[in-house]
Each structure stands twice: as C-alpha cells, then as structure tokens.
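> Predicted model, plus sequence, below.
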Amino acid sequence: MSAINADSIAAETEFLSRLVAIRHDIHQHPETAFEEKRTSDLVAAFLENLGLPVHRGLAGTGVVATVKGRHEGNRKIGLRADMDALFIEEQTGLPYASKVPGKMHACGHDGHTTMLLGAAEKLAKDPDFAGTVYLIFQPAEEGQGGARVMINDGLFELFECDAVYGVHNGPCEPLGMVKTRPGAMMPAGDTWEVTFCGTGGHGAMPHTATDPTVAAGDFIASLSNIISRNIPSNDQAVISVGHMQAGAFDSPNIIPSSVLVRGTARSFKPQYRDILEKRIGELAAGMAAAHGVEAQYKFIRRYPPLVNHASETDLAVRAAKQAVGEGLVDGECDAVGGSEDFSFMLEKVPGAYVMIGNGDGPDSHFVHTPKFDFSDDLIPYGVAYWLNVVEAELGQTANG
C-alpha cells in the first residue's frame, strides 16, 4: 500500500456514489441501541459480498469482519465504527430523511459506518499489507455502552488487537479537519439521580407540610459550587441538570411529596470522578436534612474517560496528514466535552480516537439536534484516513 489522499478517493465517482447511496439508505432507516438489525444485516451483506469472513452477534447486533494482508505479518489492528441512531424527530427536510418517527441519525453514525465500509472494500480488493485488520461495527454507542458489551461478549478474545482506532465526525468543524490529542480527550460520562421525599401538602399552608421542592431548588442552585470548591481551576469537570419531575400540571396548589432531579457529571481524572460522586450525594443529603425531608441518591458510572495512547495518536496524526494534508490536522487539540464508549476499548487495547470535520458555515448544525446531517463530502476523508492508518500500522514500510 501507499499513502492515500482524500482527493483521490473523491475522484472515484462510481465508488463514492455507491457509498453515498448506502449512507442515505442507513439514514432513512435509523435504529437505536441494540436494535440495529437492519443496519447489521446491511453491513454484514456488504462485507460478505467482498468475500470477507464475518462474525455476528457480539452485543446482539455487532459485526466484525476480518481482512488478512497478502504479506506475512503478526500484527493485528481494529478499526471501529458505531451504527446506532438517536430518539430525535428529524427536521432536515432532506429527500432521504428518516422514515421512522421519533428516530434519526443525529450523530452521524450512518456516515461512520459508511466510511468503514468504503475502507473495507478497498482493503478487500487490494490487501497490500502485512498482518490483519478487524473491521468492528459496534451497536449502542449512544448512552448504552455497546463497546463494553462487545468486550464482555469476548471481542478482544476472539479478535486480538495490538491497537484499535476510532473515528467520529467533527460537527461544525471545517470539512476534513482532523483533531485529536494524546492523553485524555473526552471525559467520563456519568448519570446521577436524586429524589427528595417529603410529605407534600396544601400549597396555601406550607407550614403544615415538609416541602421537597425547596430542598431540590437549593440543591440545584448549589451544584456549581461542587466544581468551584472541589476541582482545581486548571482541571475540568461539569455537573448539569437534565431532567426534573414533580407534582401534577393541573394541581399547582399542591406541594408534591417528591421531586426527582437527574443530570450528568463529566470528569477527566479518576480522583475527580470520585469527588463528584461523593459531593453530589453529600450536598443532596445536607439540603434534605436542612429542610426536613429525605434524599435518595444514585450515581451511575457510564463511560470512563477516553484516553488516547501516545504512540498510536502519533501514528493517527501521521495517517491524517497523508489523508487530508498537514494544514488540516491538529494533533494537540483541546479536550472535547462529550463522552464516548470507545473509551472502553482504549482501556483494553492501545489506540487513538480522532474527529474529522463535518463542515462549518451558516448551514451547519451540531450533533444531537433535529437538523444535523452527516456530510457526504466527508466520506472520502474518512476512507482515506482509514487506509492510511492501515498503511502506517501494517504497510511494508511500517514493518521494515
């Protein structure tokens, strides 16, 4: 193999038009976590038509294909794409918009899957490398930890990897701009939940009740102090409220007997993750005691921090420069606030995660919004990046 530039992929109009059609088809039929049966079938059929061995069933709908290089080599690497969609009603008005009410590909996983399928075709037709590439199509990235489930189902026992790589589109970033960094790139993503329980009562006579709404209000107002008084100012952490539930809409004169508050906590270091879990619970208990109510507390650890490994990140940067040009690569980018379950894979195997710009400008939209759409123009960049990762890891030059 030799270095591949995205422009050369974009010039293959027939190849690219087929990939765009696949992406649009997946986009029209979004499937959420662990329900990606149609998408899984499409992916498996595509890979089998290339003559590749395909393994199905990890995490239910996961698909793993194997590409053996024509040259002798023992090194094995994994390339991962996610397949699931989100519970969002699409508002793009596109001719290939979601046909499934309340579900859409609002994070670009349709594009991630398509880019890896494109790389699969190129590798299958010309496996000019030494070693093995595992193409990992993962379900349930969106909050359900599909990567963890694949690992628990034996992913890295069945497909031993010396390194693993992941890609995500970069919303509102210049088209083709590759960003990554060694070390912690994305924080742990955890969910917390507090239920304040009192007696409730008549809204006109609050002195006869124990009122959980006051405790909940003071709790919410004080959450930010956990960050400012427990996390060093040169580190990062976030606590946000995302859901509240109390009382009945038609009964504003009734003090509810309970108030549920749920939110997210983000942190980059294990010790700060521990602090957030401890202090949120302590704050809830303290506010409850101050107002004569009780607090029931849960802290659910979902995704660990995504930590890129130094040597693999350096390789990813080199591969990206070959794909998109040196001017479109930032190998020391700022950390990203979202969380990713690719972090589970990086806990098990060295690797790197990059983001490739989806396009900026006035018509661009952020992920997880009703008007987001993965850009078809990004597909050649992703395919070229994947091919260059394989070349850098397993090419004859890489292997001496």
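Great, that's in hand. Residues are numbered from 1 along each chain as shown.

> From P174, how far out is the residue nearest to V307 when sequence neighbours are not counted?
In this structure, V307 finds its nearest non-sequential neighbour in A184, 5.2 Å apart by C-beta to C-beta, 6 or more residues apart in numbering. From N, CA and C alone the C-beta is placed, and that goes for glycine too. Distance from A184 to P174, counting by C-beta to C-beta, to the nearest Å: 24 Å.

> Looking at the two, which one has more neighbours?
Between A184 and P174, counting by other C-beta atoms under 10 Å, A184 is the more crowded of the two (18 against 13).

> Just the helices from the stretch 301-400 of the chain, written as ranges.
Using DSSP state H, counting those that start in this stretch, the helices found in the stretch 301-400 of the chain span residues 310-324, 342-348, 379-394.

> Please work out which of these is packed deepest.
When you average the neighbours per residue for each of the helices of the stretch 301-400 of the chain (mean count of other C-beta atoms under 10 Å), helix 379-394 leads with a mean of 26.

> Figure out the length between the terminal residues of stretch 362-373.
For stretch 362-373, the separation between the terminal residues is 14 Å (C-alpha to C-alpha, to the nearest Å).

> residues in contact with it?
Counting contacts by C-beta atoms under 8 Å, 6 or more residues apart in numbering, the residues outside stretch 362-373 that touch it are 27, 86, 88-92, 94, 104, 106-108, 169, 171-172, 358.

> In strands, which of the residues you listed fall?
Mapping those onto strands (DSSP state E) picks out N169.

> where are the low-confidence patches of the stretch 251-400 of the chain?
Within the stretch 251-400 of the chain, the stretches with pLDDT under 70 are 396-400.

> give the contact list for the residue nearest the centre of the chain.
Within the chain, one residue has its C-alpha closest to the average C-alpha position: by C-alpha atoms, centre = their mean, that is E340, at 3.7 Å. E340 makes contact with E141, G166, H168, M186, Y303, L306, Y353, according to C-beta under 8 Å, 6+ apart.

> now it: how far from Q138?
E340 sits at a distance of 11 Å from Q138 (criterion: C-beta to C-beta).

> what does P252 give?
Taking C-beta to C-beta as the measure, P252 and Q138 are separated by 46 Å.

> Could you list which residues are in contact with the residue nearest to Y385 when sequence neighbours are not counted?
Taking C-beta to C-beta, 6+ apart as the measure, Y385 lies nearest to A323, with 4.4 Å between them; neighbours along the chain are not counted. Under the criterion of C-beta under 8 Å, 6+ apart, the contact list for A323 reads I4, N5, A6, V178, Y381, A384, Y385, L387, N388.

> re earlier: so for G247, which of the helices of the stretch 301-400 of the chain sits nearest?
helix 342-348 (38.0 Å; C-beta to C-beta).

> and that closest one, how far from the chain's centre?
Mean-position distance between helix 342-348 and its chain equals 12 Å (C-alpha atoms, centre = their mean, to the nearest Å).

> can you check stretch 208-217 too?
For stretch 208-217, the distance from its own C-alpha centre to the chain's C-alpha centre is 38 Å (C-alpha atoms, centre = their mean).

> Could you double-check that H29 sits in contact with K103?
No. Contact between H29 and K103 fails when scored by C-beta atoms under 8 Å: they sit 9.1 Å apart.

> So which elements touch the strand or helix carrying T264?
Remark: T264 resides in strand 258-267, with elements defined by DSSP states H and E. Other elements packing on strand 258-267 under the criterion 3 or more C-beta pairs under 8 Å, 6 or more residues apart in numbering; DSSP states H and E are strand 188-197, helix 212-230, strand 237-246, helix 270-290.

> what lines up beside the third one in the sheet?
Right, strand 237-246. Strands adjacent to strand 237-246 in the sheet, as given by DSSP bridges, are strand 258-267 (antiparallel).

> now the angle from the strand it pairs with to helix 212-230?
20 degrees (axes from the mean of the first three to the mean of the last three C-alpha atoms, to 10 degrees).

> any idea how far the helix or strand hosting V164 is from the chain center?
Using DSSP H and E, V164 sits within strand 163-170. Per C-alpha atoms, centre = their mean, the displacement of strand 163-170 from the mean C-alpha position of its chain is 10 Å.

> Which residue ranges of the stretch 1-150 of the chain form helices?
6-10, 13-28, 37-49, 109-125, 146-152.

> Please identify the deepest-packed of those helices.
Looking across the helices of the stretch 1-150 of the chain with neighbours counted as mean count of other C-beta under 10 Å, the highest average goes to helix 109-125: a mean of 25.

> just checking, what packs against it?
Short answer (3+ C-beta pairs under 8 Å, 6+ apart): helix 109-125 packs on helix 13-28, helix 37-49, strand 63-68, strand 71-82, strand 130-138, strand 163-170, helix 379-394.

> Of the ones you listed, which is nearest D235?
Closest approach to D235 among the helices and strands packed on helix 109-125 is made by strand 163-170 (23.7 Å; C-beta to C-beta).

> List the buried residues for the closest one?
Residues of strand 163-170 classed as buried by neighbour count (16 or more other C-beta atoms under 10 Å): A163, V164, Y165, G166, V167, H168, N169, G170.

> coming back round to it: what's the residue nearest to the centre of the chain sitting at in phi/psi?
E340 has phi and psi values of phi -150, psi 130 when expressed as degrees, to the nearest 10.

> Tell me which residues touch the nearest residue to L378 once chain neighbours are set aside, please.
Sequence neighbours aside, N358 is the residue nearest to L378 in space, at 5.6 Å (criterion: C-beta to C-beta, 6+ apart). Contact criterion C-beta under 8 Å, 6+ apart gives G108, N169, G170, P171, C172, E173, L175, S364, F374, S375, L378 as the residues in contact with N358.

> how far away is the first one from H365?
If I follow you right, that is G108. Taken as C-beta to C-beta, the spacing of G108 relative to H365 amounts to 11 Å.
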